[in-house]
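Peer 1: take a look and give me a structure for this.
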Amino acid sequence: MKIISDLHIHSRYSRACSKQISIANLEKYAKIKGLGLLGTGDFQHPEWQKELKQELTDDGTGIAKTKNGFSFVYSTEVSLMYTDGRGRRVHLVALAPNMEIVSQVTEALGKRGRLDYDGRPIFKIPCPEFVEIMREISPDIEVIPAHIWTPWFGLFGSMSGFDSMIEAFKDQAKHIHAIETGLSSDPPMNWRLSQLENRQIVSFSDSHSFWPWRLGRESTILDLKKLTYPAVLKAIRTGEGLKETIEFFPEEGKYHYDGHRNCNVCLSPQEAKKLNNICPVCKKPLTIGVVHRVDELADKPEGYKPKNAKPFRHLIPLSELISAGVGSGIATQKVWKVYHELIKEFGNEMTIVLEADEEKLKKIVPDKIVDLILRNREQKIEFQPGYDGEYGKPIFEGKKKEITPIKPAQKGLSDFC
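Peer 2: Residues are numbered from 1 along each chain as shown. Here you go, the predicted structure:
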């Protein structure tokens, strides 16, 4: 049984999230996307938890079901902000096997801070202590470092992160079985660290809405005999049943390269180093991106692949491809019309982007869109890299511009990003 899963999402109670997020909308668009398993997100938030109790039923397997039979795993993300000689800001995902355990987690976290102001609550709890608290409640709670390389809130982030798992989790590091790549990194980048070699690599969307260009944009494909929480847990902890990951092209992530968004400065790590990591415009330190940070911590060369490496594929969401093909905004009726015509024929987005027959596609949509779908599938799309919170931009037509060292007096800096 192959299941495409996205276990890191948010509810409408998290900041900067769609106010239309509901279990019904998540189920509807997950099916359209081709997902078979979602995380609930934000399970400790009092209002969202009420909805989870009303909308979902535990079936005894650790998988929560809607009335239509769609599957969820109880999940949440927390922000740990504390000082251990240096200011730390780390986001962690936690998975739980049932509502009883969720209630115990809610009670424990409620003693350490407010749960009602944000679906992603903030606690002054060090990483090792958080894992310890979770394991005291249940050894079946899984803690996964979220978007591990993000500068501001990733475990290895350049702004407030750590240099190693041991430094971050101390004696609890043995209970960290997997890491989430985040949008700006992919498996090959993570393979370069020996300390990650015995940990699984998973990918989830961290979606702030239910739209198909966000939900499942990163996901993990599981191959299980039966969908149960123990089977999902085993896949995450050992790799047995973890088939492959679907990745954003890391260049499209918001923190792939170094730079300053407000200064329109985007630089490769090599170019940033020549400038001593100082912005050529404002003369302040650059936001160091994921590629640069990986280079700092890597002890393996580019191209290294461990023996236990899982397959992966980079994919741009279908809506984005259609948008480029028809020359209209991603959420416009023009794009939705083409999108729904394809869904009607092929069933879901993942089938379209991964395996739909070229000739069948040509009977439904213009050749330009078919070409983009095939180029996406064949990993033949280039990007202007993302940087400092700015998404990267796919180069669907023309040549990729070279990013060259920028001098302070240069104008038109946005051309390089």
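
Peer 1: what is the longest strand along the chain packed up against?
Peer 2: Ranked by residue count, the top strand of the chain under DSSP state E comes out as strand 71-83. With contacts taken as 3 or more Cβ pairs under 8 Å, 6 or more residues apart in numbering; DSSP states H and E, strand 71-83 sits against strand 37-39, strand 64-65, strand 87-96, helix 99-110, strand 122-123, helix 127-137. No exception for glycine: its C-beta is placed from N, CA and C like everyone else's.

Peer 1: just the buried residues of the third one, please?
Peer 2: It stands for strand 87-96. Of the residues in strand 87-96, 88, 89, 90, 91, 92, 93, 94, 95, 96 count as buried by neighbour count, 16 or more other Cβ atoms under 10 Å.

Peer 1: how about those in JSON lines, adding distance to residue 238 and pLDDT?
Peer 2: Shown next, in JSON lines, are the buried residues of strand 87-96 (distance: Cβ to Cβ, whole Å; pLDDT from 0 to 100):
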{"residue": "88", "distance to residue 238": "29", "pLDDT": "98"}
{"residue": "89", "distance to residue 238": "30", "pLDDT": "97"}
{"residue": "90", "distance to residue 238": "24", "pLDDT": "98"}
{"residue": "91", "distance to residue 238": "24", "pLDDT": "98"}
{"residue": "92", "distance to residue 238": "20", "pLDDT": "98"}
{"residue": "93", "distance to residue 238": "18", "pLDDT": "98"}
{"residue": "94", "distance to residue 238": "19", "pLDDT": "98"}
{"residue": "95", "distance to residue 238": "15", "pLDDT": "98"}
{"residue": "96", "distance to residue 238": "19", "pLDDT": "98"}
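
Peer 1: coming back round to it: and the longest strand of the chain, how far out from the chain middle?
Peer 2: Offset of strand 71-83 from its chain centre (Cα atoms, centre = their mean, to the nearest Å): 13 Å.

Peer 1: quick one: residue 289 and residue 258 touch, right?
Peer 2: Yes: in this structure, residue 289 is within contact of residue 258 by Cβ atoms under 8 Å, at 4.7 Å.

Peer 1: find residues that contact each of the two.
Peer 2: Residues touching both residue 289 and residue 258 by Cβ atoms under 8 Å, 6 or more residues apart in numbering: 269, 387, 388.

Peer 1: top of the residues you listed by number of neighbours, please.
Peer 2: Within those, most neighbours by other Cβ atoms under 10 Å means residue 387, with 31 neighbours.

Peer 1: with respect to residue 285, which of the helices and strands packed on strand 71-83 lies nearest?
Peer 2: Residue 285 lies closest, by Cβ to Cβ, to one member of the helices and strands packed on strand 71-83: strand 87-96, at 15.2 Å.

Peer 1: ok and that closest one relative to strand 71-83, angle-wise?
Peer 2: Comparing the axes of strand 87-96 and strand 71-83 via axes from the mean of the first three to the mean of the last three Cα atoms, to 10 degrees yields an angle of 160 degrees.

Peer 1: now do strand 87-96: which elements does it pack against?
Peer 2: strand 71-83, helix 99-110, helix 127-137, strand 142-145, helix 229-238.

Peer 1: give the buried residues for the last one.
Peer 2: Going back to what we said before, that points to helix 229-238. Across helix 229-238, burial judged by 16+ other Cβ under 10 Å covers 229, 231, 232, 233, 234, 235, 236, 237.

Peer 1: ok, the second one to residue 57 distance?
Peer 2: Plainly put, residue 231 is 19 Å away from residue 57 if you go by Cβ to Cβ, to the nearest Å.

Peer 1: do the third one as well
Peer 2: Relative to residue 57, residue 232 is positioned 18 Å away (criterion: Cβ to Cβ).

Peer 1: follow-up on the earlier one: distance to residue 381 added to the buried residues of strand 87-96, as CSV?
Peer 2: Formatted as CSV, those follow (distance: Cβ to Cβ, whole Å):
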residue, distance to residue 381
88, 36
89, 33
90, 32
91, 29
92, 32
93, 29
94, 34
95, 33
96, 38
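
Peer 1: out of the shared contacts of residue 289 and residue 258, which sit inside helices?
Peer 2: Taking DSSP state H as the definition of helices, the shared contacts of residue 289 and residue 258 contribute residue 269.

Peer 1: and which of the shared contacts of residue 289 and residue 258 is nearest to residue 110?
Peer 2: Nearest to residue 110 among the shared contacts of residue 289 and residue 258: residue 388, at 35.4 Å, using Cβ to Cβ.

Peer 1: which residues are in contact with residue 5?
Peer 2: The contact partners of residue 5, taken as Cβ under 8 Å, 6+ apart, are 35, 36, 37, 38, 73, 204, 219, 220, 221, 222, 232.
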